[in-house]
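> the amino acid sequence is not available; the structure is as follows:
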């Protein structure tokens, strides 16, 4: 199964605006780059995925590793970016499409391997929700054309309904690595408290 990973990225000037009350623009950009580098490093581990792309308005300042391809986003909006990434992946022979948001600082290769394994049967979608069971942080669709995108408020429930309506078997994967994202000051505070806070 050829698995292609797509990671959407905003321009650095627009990244993590909900952290503006606690971080300067420079700090938000640095945090965004650090988390993106971590996610890409996890995806680049041998045997995890076959091809990796970042989809965003531009690659300037992202310092992407040589094994990661930048796909220029042509239409604004996260779901449009992912639709473009899906088309790009299918054109390159993807059997499965893996969408990973770039703000998962605790993500591990085991997480990705488990999700790919969980979604290895046909007509399957694996969703990894955030810690509130509201948003979606990771999606695997096999086959790739099965992927539907409804990122935004309550996307986890929306993605379940969309894919079940398309005839897919929908599975859920939960771990600290996939559920802890950093969007708000509360997320940042939780991350800074360390493993004990994350386990509670």
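Yes, it's here. Every value quoted in this text rests on a predicted model; they were computed, and no experiment measured them.

> what are the ranges of the helices in this protein?
Here the chain has its helices, by DSSP state H, at 25-43, 78-91, 109-118, 155-165, 176-179, 185-193, 195-199.

> switch those helices over to TSV; also include mean neighbour count, mean pLDDT and distance to residue 56.
Any C-beta I mention is one placed from the backbone N, CA and C, and that applies to glycine too. Shown next, in TSV, are those (neighbours: other CB atoms under 10 Å; pLDDT from 0 to 100; distance: least, CB to CB, whole Å):
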stretch	mean neighbour count	mean pLDDT	distance to residue 56
helix 25-43	18	90	10
helix 78-91	19	97	7
helix 109-118	18	96	21
helix 155-165	17	98	19
helix 176-179	21	94	21
helix 185-193	14	76	21
helix 195-199	10	43	28
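
> just so I know, which of those lies nearest residue 146?
helix 155-165 (7.0 Å; CB to CB).

> I'd like the helices of the chain laid out as CSV, including distance to residue 71.
Output for those, formatted as CSV (distance: least, CB to CB, whole Å):
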stretch, distance to residue 71
helix 25-43, 14
helix 78-91, 5
helix 109-118, 20
helix 155-165, 21
helix 176-179, 23
helix 185-193, 27
helix 195-199, 32
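
> of these, which is nearest residue 53?
Judging those by CB to CB, what sits closest to residue 53 is helix 78-91, at 6.1 Å.

> what angle sits between the closest one and helix 155-165?
For helix 78-91 against helix 155-165, the angle by axes from the mean of the first three to the mean of the last three CA atoms, to 10 degrees is 50 degrees.

> quick one: residues in contact with helix 78-91.
Here helix 78-91 makes contact (CB atoms under 8 Å, 6 or more residues apart in numbering) with 4, 6, 8, 51, 53, 55-56, 71, 73-75, 97, 99, 144-145, 147, 149-152.
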